[in-house]
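Trainee: Using only what follows, build the 3D model:
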Amino acid sequence: MTRKTIHALVAIIVGLVLLLVVLRTGDIDSTQMAGQELLPEFKSVANDVSKLRIVRPTGEEEVTIRREDKRWMISARDDYLADLGKLRNLIIGLADAQVVEEKTSNPAHYAKLRVDDPEEGGKGTKVVLSGPSFTYSLVLGNTAQGNKRYARIADEATSYLIDQELDIPETAGDWLVPDIVDVDAGDVRRVTIAHADGETIVIEKSEREQTNFEVADIPEGRELSYATVGNGVAGALAKLTLDDVRAGEESSPTTTTTYETWDGLTVTAEVVSDDDSSWIAFSAGPTDEESAADDPAAEINARVSGWQYQIADYKKNLLTRRWEDILKAADE
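Mentor: The predicted structure follows:
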C-alpha cells in the first residue's frame, strides 16, 4: 500500500467521523436520550404540584388552575372546581413521559413541530407546573404516531418525541367538573314551569308506574303536538352537565322550573336571560317538612349553591317550554 493510498484512506476515515458528528449534533433524529425521563425527578414531587398554568398561542385563553387545601380551582371561572381526573391524567402523564428520540435543536425548525414558545409568539402549548420549591416548564407540540407527542423543556434547545400523547383541554371551561345534577325521569312526579309573565305549564304522573307524563290544564280547543311531549321535560335533569359556569349574580329569573320526585326531593332551576345567553341557578330541598330527602338535597346544594350555569341548548329549551312549544298550531 503506497503512502498516497494510506493518506487517502485516512482522509476518508476522518471524513466519515466528521459526518457522524454532524449527523448526531445536527437536525437529524437521534436516540441518544431514548428511554430517559423527559422531566427527571419530577415524579418524586408530582404530588406536591400546587399550580398549573397553560399558555396557548396569542388570542387563545390562558388557564390557571391552583390548589388550596384539597381543592383544585380554576381562576378564570371564579374558582370553580377543576376536574381532578383530567388534572391527574396530565400530571401522571408528564411524570411518566419518556423520550423516544431526540428531535430538532434548531429554533428555526421548532414551528414545524409546534414546540415554539407561545409566550414568544409561537404556536406550541406551554405547561408550567409549580410547587413549594420547584417549577417545571415545557412546550408541548403536535401529536405524532397516534399516541406520542413532541415536547421541549422551555429553557432548553433540544426537542423530543415522547411516549405520551397528553390530552390537554383547550379552554378553562373544558377543565371544569361537568356534573350539575342527576334526576332520572323515572323518579319525577311533577314538573312546574312558571314564566315571569304568568304562563305556567304543569306535567305530572298520578302513579309512579305510569308510562307517560300528562300535561295539566291544556287550553280549551288546543291539542298537544304529540302525546309524549311531557316525557322530554321530565328527563331534562338526567345526568345534567355544564357548558360553562359563573359566580351567581342577582337578577330576576325569567323562568322558574321545579321538579318534584316521588322520594320527596325538589330541585329548582331559575333561568336568567343575559343578552343573547341564558344562565341557570339550581337549588334543592325537601318537597315537604316530612320528606326524607334532606341528604340528597344537601349534596346537591353543596355543589351548585352560589353558581349559575350554561347548559346545552336543547336541555335549556326543555326547562323553558311554553304552550306554543308543546301544542299543535291553532289552525291544525
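Trainee: show me where pLDDT drops low in the protein?
Mentor: By pLDDT under 70, the low-scoring segments of the chain are 1-32, 288-294, 332.
Trainee: Tell me how many other residues surround residue 249.
Mentor: By the criterion of other Cβ atoms under 10 Å, residue 249 has 10 neighbours. C-beta here means a position set from N, CA and C on the backbone, and glycine is covered the same way.
Trainee: now residue 40
Mentor: Residue 40 is flanked by 8 other residues according to other Cβ under 10 Å.
Trainee: before we move on, which element is it in?
Mentor: Following DSSP states H and E, there is no helix or strand that holds residue 40.
Trainee: and the helix or strand encompassing residue 85, which residues are buried?
Mentor: Assigning secondary structure by DSSP H and E places residue 85 in helix 84-96. Residues 86-87, 90-91, 93-96 are the ones in helix 84-96 that count as buried (16 or more other Cβ atoms under 10 Å).
Trainee: Show the subsequent helix or strand relative to that helix.
Mentor: Downstream of helix 84-96 (by DSSP H and E), the next one is strand 99-102.
Trainee: Start and end of stretch 44-52, how far apart?
Mentor: Stretch 44-52 has an end-to-end distance of 17 Å (Cα to Cα, to the nearest Å).
Trainee: repeat for stretch 287-307
Mentor: End residues of stretch 287-307 are separated by 22 Å (Cα to Cα).
Trainee: And stretch 97-105, how far out from the chain middle?
Mentor: 28 Å (Cα atoms, centre = their mean, to the nearest Å).
Trainee: which residues sit against it?
Mentor: 27, 29-39, 110, 112-113, 115, 148, 150-151, 157-164, 166 (Cβ atoms under 8 Å, 6 or more residues apart in numbering).
Trainee: Which residue comes closest to residue 246 once chain neighbours are left out?
Mentor: In this structure, residue 246 finds its nearest non-sequential neighbour in residue 308, 5.5 Å apart by Cβ to Cβ, 6 or more residues apart in numbering.
Trainee: Check residue 237 too.
Mentor: residue 183 (4.0 Å).
Trainee: quick one, phi/psi of that neighbour?
Mentor: phi -120, psi 110 (degrees, to the nearest 10).
Trainee: Pull the number of nearby residues for it.
Mentor: 22.
Trainee: start at 3 instead
Mentor: Will do, 3 is the new start, and the previous item becomes residue 185.
Trainee: what sits against it?
Mentor: Going by Cβ under 8 Å, 6+ apart, the list of residues near residue 185 reads 239-240, 242, 261, 263, 267, 269.
Trainee: rerun that using 7 Å as the cut-off
Mentor: The contact partners of residue 185, by Cβ atoms under 7 Å, 6 or more residues apart in numbering, come to 239-240, 261, 263, 269.
Trainee: Need the residues you listed in CSV (columns: neighbour count and secondary structure).
Mentor: Conversion of those to CSV gives the following (neighbours: other Cβ atoms under 10 Å; DSSP: H, G, I helix; E, B strand; the rest coil):
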residue, neighbour count, secondary structure
239, 26, coil
240, 15, coil
261, 25, strand
263, 21, strand
269, 27, strand
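Trainee: Turn those residues into TSV, columns for distance to residue 246.
Mentor: As requested, the contacts of residue 185 are exported to TSV (distance: Cβ to Cβ, whole Å):
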residue	distance to residue 246
239	18
240	20
261	22
263	27
269	20
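Trainee: Closest to residue 143 out of these?
Mentor: Sorting those by how near they are to residue 143, with Cβ to Cβ, puts residue 240 at the top with 40.0 Å.
Trainee: isn't there a strand covering residue 222?
Mentor: No - counting by DSSP: H, G, I helix; E, B strand; the rest coil, residue 222 is not part of a strand but coil.
Trainee: got the phi/psi numbers for it?
Mentor: Main-chain torsions, residue 222, degrees, to the nearest 10: phi -60, psi 130.
Trainee: quick one on the thing from earlier: can you classify the residue nearest to residue 248 by secondary structure?
Mentor: Residue 310 - assigned by three-state DSSP - is strand.
Trainee: Quick check, it in contact with residue 250.
Mentor: Yes - between residue 310 and residue 250 there is a contact under Cβ atoms under 7 Å: 5.0 Å.
Trainee: Now the common contact residues for those two.
Mentor: In contact with both residue 310 and residue 250: residue 283, using Cβ under 7 Å, 6+ apart.
Trainee: With neighbour numbers in mind, choose between the two.
Mentor: When residue 310 and residue 250 are compared for neighbours, residue 310 comes out ahead with 21 against 17, by other Cβ under 10 Å.
Trainee: residues in contact with that one?
Mentor: Residue 310 neighbours (Cβ under 7 Å, 6+ apart): 248, 250-251, 274, 281-283.
Trainee: rewinding a little: want to try CSV for the buried residues of helix 86-98, with distance to residue 300 as columns?
Mentor: Formatted as CSV, these follow (distance: Cβ to Cβ, whole Å):
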residue, distance to residue 300
88, 27
89, 26
92, 32
93, 31
95, 36
96, 37
97, 37
98, 39
